[in-house]
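Engineer: with the input below, show me the fold.
(4 chains, ligands or ions: 2)
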Amino acid sequence: MPKLDSLKTYREKRDFSITSEPAGLEKKAGAKKTALSFVVQKHWATRLHYDLRLELEGTMKSWAVPKGPSFDPNDKRMAVHVEDHPISYNTFEGEIPHGQYGAGKVIVWDKGIWIPLEDPHKGYRDGKLKFELHGHKLKGHWTLVRMKNTQGQKQEAWLLIKEKDGYARPASEYSVVDEMPDSVSHLNIPQILASAESPTFSASRKASGTGKNMVLPVSAVKADPPRMLEPQLATLVDGPPADPAEWIYEIKLDGYRLLTRIDGKEIRLFTRNGNDWSHKLPDLLKAISKMRLKPGWLDGEIVVLNEKGIPDFQALQNAFDTERTQSISYFLFDLPFYDGYDLRPCSVIERRELLKTLFEKPAPEQIRFSEVFDAPPDAVLGSACRLGLEGIIGKRKTSTYVSRRSPDWIKLKCARRQEFVIGGYTDPKGSREGIGSLLLGYYDEDHQLQYAGNVGTGFNDKALRDLKAKLERISSESSPFVRGSAIDKKAHWVKPVLVAEVSFGEWTRGGHIRHAVFRGLRTDKKAEAIVREKPVHADSARADSSASIPPSLRITNPDRVIDPSSGFKKIDLIRYYALVAPLMMEHLKGRPVSLVRAPDGISGQLFFQKHWDKENMRGVSQLDPDLDPEHEPLLEVSTAEGLLSAVQMNVIEFHTWNATKDKIDKPDRMVFDLDPGEGVQWPHIRESAQLVFIFLKELGLKSFLKTSGGKGLHVIVPIKRFYNWDTVKEFSQAIVQHLAATIPRRFVAKSGPRNRVGKIFIDYLRNGFGATTVSAWSVRAQPGLSVSVPLAWEELESLTSGMRWSASNIHERLDRGNEPWADYQTVKQSITPAMKRLGFKPNRENTKQKTA
DNA sequence: GCTATTT
DNA sequence: AAATAGCAACGCGTC
DNA sequence: GACGCG
Ligand SMILES: [Mn+2]
Ligand SMILES: [Mn+2]
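Structural biologist: Ligands and ions are numbered 1, 2, ... in the order given. Next comes the predicted model:
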């Protein structure tokens, strides 16, 4: 009997006028029950988890399993006991709205019936349930046990454990949550005695008259095949995507893409550009018709296999040239339409499953099913390359069929390989006939034909003669390549109409290909469409290309706006720091650093941070506590990754000390921070910096300039690490006081905004122990996200503002980089002579370590 | 943004 | 699990 | 001693 208030907690937590979850007000089912239901709902709430619910006493007893179930009996999965849910919740799928309890997406990840193996009421009370699950994914014998010490607490911790039986599998070999991530809501409740079937398919819908075992995926839509169909194309990537469980891999076949339309008795074959090649492939046509297929579209690739069973592109071309096309094989890998259904909305897995059923009856030898390889992508690619294949094709398991190039289909190539325009050729040497090499090119963004180097190998004798003949027919007086291309003077030019497929080792920095091998002429591609192919990262092919961002770094809320004035996002700041990291690390290395963080963007409350005891900021390390024994350990950004992991923690600014960790009590620089007061015009700031420069020069001190990113400028004086902090600070104060005394209209040496109205306070206080100044290349947490940038003194005159550069326009400055400060490292000046010139006497107390 | 605490 | 609370520097100079 | 600056 259900307790009357069993669902009280459930209802209290939810507002059913807002959420679409069931209120569970329906009448409880009658006492007689044939079977108890169970459901596992995958719930993307604050964190992803799996809610296991077992029907008992008229409600669904529920546990939240953060890691989800495991078939490995050695895995004990934490299962937090949560409030009972109504049975009607079992079919709930959807989005729980923002602000509601458990906001986020919910899917029915598994469902079925459960059979208690011992008295479930007693077991539930006592904290030990043994049961069998009969679901689509979860099967076999399981146990839920309550952990000690947790009984009575509001949230009891239980453990979900797989018992040893025929369904148990080691975690190293199988992860059900990874391999079966999707919803089963469209499937029927499995029957206990139902035969093992692919869980992806419903047995309830069958297409008429197809193979006996053909079942239709639910996403199939009734539709007649269209007259034309454009193929789905794959995106070139430079490596497999991160999650291998989401992808299947097939061999990339080196031939021509061919789509087949079956329309009653008529069968037509189309190339990827929609050319009807039916007449060119009579044998293939005959073979397909023998399969007696229903109307639809087949998708695949035609190839000629060599004696080793490897596709041979040149042999394929030969077959067409000589009209001996019997040797052509057709490898089918997709089935976008079939037997009155549009299968494009189905997943590629489902379409392939259907396609495979077409091969259950013996099929003609030329027609093949393109198998997938059940191994990690690197291994598949490796063996494909060793076999001399072109590469592999990856398809996202859940992807639907779309008539365009899609990031859900990817190609991973063995060698780099692409088509080039033939722009000329050289004469053969020695005994070779025909041509020596082909001059290759590709069109750039401005549609100029760029020279890409030569290819001189990979031809057989016939290819050499044929090419020569073809090239002579299109010969030209002048070079088709863009002016200034450095090409052999004895070359023969041709009109840029022929396209060659070439494999090669790599691109040189000069934009030429190395180790090129000719693979054949392409007649299915237009010369004007040939561009330089650039592989992208598979994981970023969808949207952004994240250049040098380590994959280990998790960026949460990448699209959060940091600066509302510019719309600059967190991910943009990550990219900025990734970009300037090599330049900025020179200024950070070895120096204690302080961070300015902006958890709510720059318009929110900022805070300053000097310490961090967590170990979750990779690349930011704690320094020796002895450096500053009075406080928590200081920080150092020790690697470029540290910059990025800091940004993940909403760090915007990086401020450094004037000393390095290897000699923390002797500053290695002085900073003069020019802080203009109210009403100071830019030209005055500029001239004042110049005056500081001149005065320092008179003292014999070389100085370096940078923008502050704010209103003012920073002047840095690198010094020998000789005097202690107090001495250096007092000397810097003396310099500022001297300037303020000699040019009182311009400078003040006294801090406080009141003192500097219309004047510039030269802040020498940055020179104390523990004081910091914003680092070069740091972004400032202010509207516009300006950046502190190193400058040469010669640039000062044309400088328009201390905020001249920002995170958005820094690319204009990257080429200059740290160049303006090139001699910074070599300047190791003693300030002793400067002290003498200024008449500054170091305090005895401050210089006692000084011996000579 | 993260962690510990509470329910 | 989910919501919530607490946390993340410091010294110096000026008045 | 409080305030405020970076
Ligand atoms: Mn949940
Ligand atoms: Mn300043």
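Engineer: near ligand 2, which residues of chain A show up?
Structural biologist: A:D673, A:D675, A:G712 (Cβ under 5 Å from the ion). For glycine as for every other residue, the C-beta is placed from the backbone atoms N, C-alpha and C.
Engineer: out of those, list just those in strands.
Structural biologist: Assignment to strands by DSSP state E places the following of those there: A:D673, A:D675.
Engineer: just the residues of chain A next to ligand 2 now: which is nearest A:A741?
Structural biologist: The nearest member of the residues of chain A next to ligand 2 to A:A741, counting by Cβ to Cβ, is A:D675 at 18.1 Å.
Engineer: surely that closest one is in contact with A:L765?
Structural biologist: No - contact criterion Cβ atoms under 8 Å: A:D675 and A:L765 do not qualify, at 10.2 Å.
Engineer: and these two? Which one has more around it.
Structural biologist: A:D675 (22 against 15; other Cβ atoms under 10 Å).
Engineer: tell me the contacts of the more buried one?
Structural biologist: A:K711, A:G712, A:R756, A:I760, A:F761, A:I762, A:D763 (Cβ atoms under 8 Å, 6 or more residues apart in numbering).
Engineer: quick check: closest non-adjacent residue to it.
Structural biologist: A:F761 (4.6 Å; Cβ to Cβ, 6 or more residues apart in numbering).
Engineer: in a strand, that's where that neighbour is, yeah?
Structural biologist: Yes - membership of A:F761 in a strand is supported by DSSP: H, G, I helix; E, B strand; the rest coil.
Engineer: next, count neighbours for it.
Structural biologist: A:F761: 23 neighbours (other Cβ under 10 Å).
Engineer: same check, this time on A:I513
Structural biologist: 22.
Engineer: how far away is it from A:S383?
Structural biologist: 26 Å (Cβ to Cβ, to the nearest Å).
Engineer: distance between the ends of stretch A:512-529?
Structural biologist: 19 Å (Cα to Cα, to the nearest Å).
Engineer: also within reach of DNA strand C: list those from the contacts of A:D675.
Structural biologist: Here nothing survives when the contacts of A:D675 are matched to DNA strand C using Cβ under 7 Å from any atom of the strand.
Engineer: now do the same contact list for the residue in the stretch 401-550 of chain A that DNA strand C sits nearest to.
Structural biologist: Going by Cβ to the nearest atom of the strand, DNA strand C is nearest to A:I549 of the stretch 401-550 of chain A, at 23.1 Å. Listed by Cβ under 8 Å, 6+ apart, the contact partners of A:I549 are A:I555, A:I574, A:R575, A:A578, A:L644.
Engineer: any weak-confidence spans in the stretch 701-850 of chain A?
Structural biologist: Scanning the stretch 701-850 of chain A with the threshold set as pLDDT under 70 gives A:844-850.
Engineer: count of neighbours near the one residue in it that gets nearest to DNA strand B?
Structural biologist: In the stretch 701-850 of chain A, the residue that lies nearest DNA strand B is A:A781 (14.4 Å; Cβ to the nearest atom of the strand). Number of residues near A:A781 (other Cβ under 10 Å) recorded here: 23.
Engineer: tell me the contacts of the spatially closest residue to it that is not a sequence neighbour?
Structural biologist: Nearest residue to A:A781 in three dimensions, chain neighbours excluded: A:I652, at 4.2 Å (Cβ to Cβ, 6+ apart). For A:I652, the contacting residues are A:I562, A:L573, A:V596, A:R597, A:A598, A:I602, A:L606, A:V779, A:R780, A:A781, A:L785, by Cβ under 8 Å, 6+ apart.
Engineer: tell me if the regular element (helix or strand) spanning A:I652 is near DNA strand B.
Structural biologist: Take DSSP states H and E as the rule and A:I652 turns out to sit in strand A:651-656. No - Strand A:651-656 is not in contact with DNA strand B by Cβ under 7 Å from any atom of the strand; minimum separation 9.4 Å.
Engineer: near ligand 1, anything from the longest strand belonging to chain A?
Structural biologist: Across chain A, the longest stretch assigned as strand under DSSP E is strand A:104-116. No - Strand A:104-116 is not in contact with ligand 1 by Cβ under 5 Å from the ion; minimum separation 7.2 Å.
Engineer: now that strand - C-alpha only, CSV.
Structural biologist: Provided in CSV are the C-alpha atoms of strand A:104-116 (Å, rounded to 0.1, in the frame of the first residue of the first chain):
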residue,chain,number,x,y,z
GLY,A,104,18.1,20.5,-17.0
LYS,A,105,17.4,17.9,-19.6
VAL,A,106,16.0,14.5,-18.8
ILE,A,107,15.8,11.4,-21.0
VAL,A,108,14.7,7.9,-20.4
TRP,A,109,18.0,6.1,-20.6
ASP,A,110,16.7,2.7,-19.9
LYS,A,111,13.4,1.1,-18.9
GLY,A,112,11.9,-2.3,-18.3
ILE,A,113,10.8,-4.5,-15.4
TRP,A,114,12.6,-5.4,-12.2
ILE,A,115,12.2,-8.6,-10.2
PRO,A,116,13.0,-8.5,-6.5
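Engineer: just give the closest residue to A:K137, not the sequence neighbours.
Structural biologist: A:D110 (4.4 Å).
Engineer: for that neighbour, which residues are in contact?
Structural biologist: Here A:D110 is in contact with A:V39, A:V40, A:G135, A:H136, A:K137, A:L138, A:V184 (Cβ under 8 Å, 6+ apart).
Engineer: swap the cut-off to 10 Å and go again
Structural biologist: Residues in contact with A:D110, defined by Cβ atoms under 10 Å, 6 or more residues apart in numbering, are A:38-42, A:50, A:52, A:68-69, A:133, A:135-139, A:176, A:180, A:183-184, A:187, A:190, A:199.
Engineer: A:L699 against A:T832, yeah?
Structural biologist: No - contact criterion Cβ atoms under 10 Å: A:L699 and A:T832 do not qualify, at 11.1 Å.
Engineer: what is in contact with those two at once?
Structural biologist: Common neighbours of A:L699 and A:T832 (Cβ under 10 Å, 6+ apart) are A:F731, A:F840.
Engineer: can you list the low-confidence ranges for the stretch 1-150 of chain A?
Structural biologist: Looking at the stretch 1-150 of chain A by pLDDT under 70, you get A:1-5, A:27-34, A:149-150.
Engineer: now do the strands in the stretch 501-650 of chain A.
Structural biologist: Assigned by DSSP state E, counting those that start in this stretch, the stretch 501-650 of chain A shows strands spanning A:506-507, A:513-514, A:517-522, A:561-563, A:568-569, A:593-597, A:607-609, A:620-622, A:635-637.
Engineer: quick one: name the residues of chain A near DNA strand B.
Structural biologist: Those residues of chain A that sit near DNA strand B, judged by Cβ under 7 Å from any atom of the strand, are A:153-155, A:556-557, A:560, A:570, A:599, A:614, A:616, A:648-650.
Engineer: interface residues of chain A facing DNA strand C?
Structural biologist: Going by Cβ under 7 Å from any atom of the strand, the residues of chain A near DNA strand C are A:43, A:45-47, A:49, A:64-66, A:78, A:80, A:82, A:100-103, A:155, A:594, A:597, A:599, A:607-612, A:630-632, A:750-752, A:754-755, A:765, A:768-770.
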